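Undergrad: coords please:
(2 chains)
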Amino acid sequence: MLKTFPTGGVHPPENKLTAAIPIEYLPVPPSVVIPLSQHIGAPAVPVVSKGDYIRTGQVIGTGKGFVSANIHSSVSGKVNKIDFVSDSGGFKQNAVYIDAEGDEWLDTIDRSKEIKREISLSGEDIIKKCLESGIVGLGGATFPSHVKLSVPTGKKCEVLIINGVECEPYLTSDHRLMLEKGEEVLVGVTILMKALNVSRAMIGIENNKPDAIGHMSELASSFSGISVHPLKVKYPQGAEKQLIKALTGREVPSGKLPLDVGAVVHNVGTAFAVYEAVQKNKPLFERVVTVTGTFVSKPGNYIVRTGTPLSLLIEAAGGIPENTGKIINGGPMMGKAVSNTDVPVVKGMSGVILVPFGESVRKETEPCIRCAKCVEACPLNLEPYLLMTLSERSLFERAENERITDCMECGSCSYTCPASRPLLDYIRLGKSTVIRMARERNLK
Amino acid sequence: MSSTVLITIISLSLLAFLSAVILYFVAQKFKVYEDPRIDEVQALLPAANCGGCGFAGCRNLAEALVKADSFEGLSCPVGGAPVMAEAARILGKTPPVVDPTVAVLLCNGSPENRPRTSHYDGAMECRISNSLYAGDTDCSYGCLGYGDCESSCKFDALHIDPVTLLPVINDDKCVSCGACVKACPRHLIELRKKAKKDRKIYVSCSNCDKGGPARRACKVACIACSKCVKVCAFDAITIKDNLAYIDAKKCTFCRKCVAECPTNAILEINFPPRKEKAEVAAENVN
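TA: Take a look at the predicted model:
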């Protein structure tokens, strides 16, 4: 029997429409808007000013503090201005506007196609390289990778887990990456293993990608310590704690980090970015984005420069179909609808889904009858219906006692609710309020 | 038969008497003294338990008033000056001087002024919408219009207008308890000093963006052009974070800033209609 995590989870229709479509390069856009905050943590500080000529791969913003990441230019050209831009939620954030003049890369970047397997850097230098190259978790959370790679003294990492699960419906960017850049990904994994000083890496791939499992297993046989594990298809298996449980049987306790059970999880996309940064000296300024949807005329997987307007990317996929109700940034389960199509593509954007009207509209909310389907679906053993009610009534202290901060916002509860109650909406509100309350308490 | 009844009556009476004696002594022993004035003051208070005074309920304010040396900082916004004066009389203290205030909305983004650019269909609460996205217009500071303030108001003083989609505050009913101020996730409601005839002049905008984006998002946004600052003879207007603010304590209601504002972001409310210049001249001649 295939491994999976034991509690909760749902199985939404997979709809992997673009699984067989090879990755394509999107042409360099005429202008880009590169937000200075594309990661969790402090926004980067701009180091360029208006009128500067910059080349592709050049640093335009440096990370501020430990939990932050560098931002690099994705085109070559002149800085038009440093101004605000709306992110996908419509909130303003600082960004560098660059008018592209061709595509002149920094000389230090190795643009050859040849795969370099020899790792010359030491573990410490690898972490430094990740920091310099602005590598962040490309699974969607965009947590700076160098932080995850720096194991604090007193803790020990025993196994590196590579997330090739891609449990979100529709998305296929990691799937295609494993198929087309499998060897690079595996070299990336070896680099990560060296940085963490571990001898064992496990790659988890859901069983709905048999071609990727086959391809990766075959390639992995020539790498020492790397094993590929097929997993039963279940959402949210790509969540850090669930994946660790599925692969190693270890359970990360509430409020603890994966490192507390000796594991570190990285995405295959991140492994590929690490390979490019360490072996090819190429900072993170482009990524694979899946553009898909039932009515999209040319869905596909595109390598897109960060800062490219979303509208250009959608145009490449054949434009917005007439009956589109929502455009979602990310997967259909955890992604958020974008408020306008001028938003730039950022490091954390793994997919864009154009959802037709009939599917996008929320159903009318009905009263909760305590059927406990949400409790069954919750992979973290929480009681979503209770957390929602507590947030609705602003009983945040009680919500804290009910461990609302454990929620990872996977949305399984909202998905499964037969009364279409906005469970996650309220739980998110409660979670953010409780986190704020706790922070204020700690300050006192 | 009769003796059974008799024994029952006597034994029960004895038991009752004994219990009464015990209870009497217990009550004496564990007696809690409560200032009788607390009840008296509480009876004066409006019993709305709205929390506008900063205490959990009217009883708590009454306790605080009785305990306090002076009324400084203690006041019931609902009852206002008459209630506080009466409470002061009972307790033999001087009542506080509190300017009565009223809630005003610092946003004027009706669909006409602020075009809708997207559509939200999540949980219909401002606090949730605010945590997810900037709103269905390009202004990320303005009113979301789902009525968290309306549901927080215990005095029926605030309703969302179906046309402008903005809350309308009824000055007569508003007791300035501050519930809506706390409920608004975007901090768009301010308690402003009440003036005679309920006159108000204030900047009805909260957009902290620079002039260009602010104006593109909303026709009546404050663009921080500082024209009002220059025209004000009383230093009542300041600009902070690309936003003008009129200090109600310094404002003399001369209305010069209202005429000067290029975007009509400054509102004048409950004033008689302005006389045209020609009319003023004609009056002077007469």
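Undergrad: near chain B at all, stretch A:68-88?
TA: Yes - under the criterion of CB under 8 Å from any CB of the partner chain, chain B is reached by stretch A:68-88 at A:84, A:86. Yep, even glycine has a C-beta here, placed from its N, CA and C like the rest.
Undergrad: and chain A, which of its residues are near chain B?
TA: Chain A comes close to chain B at residues A:84, A:86, A:89-92, A:336-337, A:339-340, A:361-362, A:422, A:425-426, A:428-429, A:432, as judged by CB under 8 Å from any CB.
Undergrad: longest helix in the chain, by residue count?
TA: In the absence of a named chain, this looks at chain A. Criterion DSSP state H: the longest helix present in chain A is helix A:423-443.
Undergrad: Let me rephrase: I mean chain B.
TA: helix B:2-29.
Undergrad: part of a strand, is residue A:95?
TA: Yes - counting by DSSP: H, G, I helix; E, B strand; the rest coil, residue A:95 falls inside a strand.
Undergrad: Which parts of the stretch 1-150 of chain B are strands?
TA: All strands of the stretch 1-150 of chain B, identified by DSSP state E, counting those that start in this stretch, fall at B:101-105.
Undergrad: Let me see the contact set for the closest residue to chain B within the stretch 251-400 of chain A.
TA: In the stretch 251-400 of chain A, the residue that lies nearest chain B is residue A:339 (4.2 Å; CB to the nearest CB). By CB atoms under 8 Å, 6 or more residues apart in numbering or on different chains, residue A:339 lies in contact with A:86, A:88, A:89, A:90, B:117, B:118, B:133, B:134, B:136.
Undergrad: Next, format those residues as a markdown table and append neighbour count, pLDDT and distance to residue A:46.
TA: Below are these laid out as a markdown table (neighbours: other CB atoms under 10 Å in any protein chain shown; pLDDT from 0 to 100; distance: CB to CB, whole Å):
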| residue | neighbour count | pLDDT | distance to residue A:46 |
| --- | --- | --- | --- |
| A:86 | 24 | 87 | 18 |
| A:88 | 25 | 84 | 21 |
| A:89 | 18 | 84 | 22 |
| A:90 | 21 | 84 | 22 |
| B:117 | 16 | 87 | 28 |
| B:118 | 16 | 86 | 28 |
| B:133 | 22 | 84 | 25 |
| B:134 | 25 | 86 | 22 |
| B:136 | 21 | 87 | 31 |
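Undergrad: Redo these as a markdown table? Include distance to residue A:186.
TA: Conversion of the contacts of residue A:339 to a markdown table gives the following (distance: CB to CB, whole Å):
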| residue | distance to residue A:186 |
| --- | --- |
| A:86 | 39 |
| A:88 | 32 |
| A:89 | 36 |
| A:90 | 40 |
| B:117 | 45 |
| B:118 | 42 |
| B:133 | 39 |
| B:134 | 42 |
| B:136 | 46 |
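Undergrad: Pick the one among those residues closest to residue A:390.
TA: Within those, the smallest distance to residue A:390 is 23.4 Å, found for residue B:133 (CB to CB).
Undergrad: that older thread, nearest to residue A:25 among the contacts of residue A:339?
TA: Nearest to residue A:25 out of the contacts of residue A:339 is residue A:88 (CB to CB; 23.2 Å).
Undergrad: Not counting sequence-adjacent ones, nearest residue to the closest one?
TA: residue A:338 (4.2 Å; CB to CB, 6 or more residues apart in numbering or on different chains).
Undergrad: Let me know whether the one you found touches residue A:330 as I believe.
TA: No - using CB atoms under 8 Å as the test, residue A:338 is too far from residue A:330 to be in contact (9.7 Å).
Undergrad: still on that earlier bit, in terms of pLDDT, where does the residue of the stretch 251-400 of chain A closest to chain B sit?
TA: Looking at residue A:339, its pLDDT is 86.
Undergrad: Same question for residue A:408.
TA: Each residue has a pLDDT score; the one for residue A:408 is 93.
Undergrad: What of residue B:285?
TA: On the pLDDT scale, residue B:285 gets 59.
Undergrad: swap in residue A:41?
TA: Reported pLDDT at residue A:41 in the predicted model: 89.
Undergrad: can you tell me the helix or strand for it?
TA: Assigned by DSSP states H and E, residue A:41 belongs to no helix or strand.
Undergrad: Looks like it contacts residue A:136 (just checking).
TA: No - counting by CB under 8 Å, residue A:41 stays clear of residue A:136, with 9.1 Å between them.
Undergrad: joint contacts of those two?
TA: In contact with both residue A:41 and residue A:136: A:69, A:143, A:144, using CB under 8 Å, 6+ apart.
Undergrad: quick one: which of those is nearest residue B:91?
TA: residue A:143 (58.7 Å).
Undergrad: For the closest one, which residues are in contact?
TA: A:39, A:40, A:41, A:136, A:137.
Undergrad: one more time with 10 Å
TA: A:39, A:40, A:41, A:67, A:69, A:136, A:137, A:240, A:270, A:348 (CB atoms under 10 Å, 6 or more residues apart in numbering or on different chains).
Undergrad: I'd like the residues you listed written out as CSV, with secondary structure and neighbour count added.
TA: Converted to CSV, those look like this (DSSP: H, G, I helix; E, B strand; the rest coil; neighbours: other CB atoms under 10 Å in any protein chain shown):
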residue, secondary structure, neighbour count
A:39, coil, 28
A:40, coil, 16
A:41, coil, 18
A:67, coil, 14
A:69, coil, 32
A:136, strand, 28
A:137, coil, 24
A:240, helix, 23
A:270, helix, 28
A:348, coil, 21
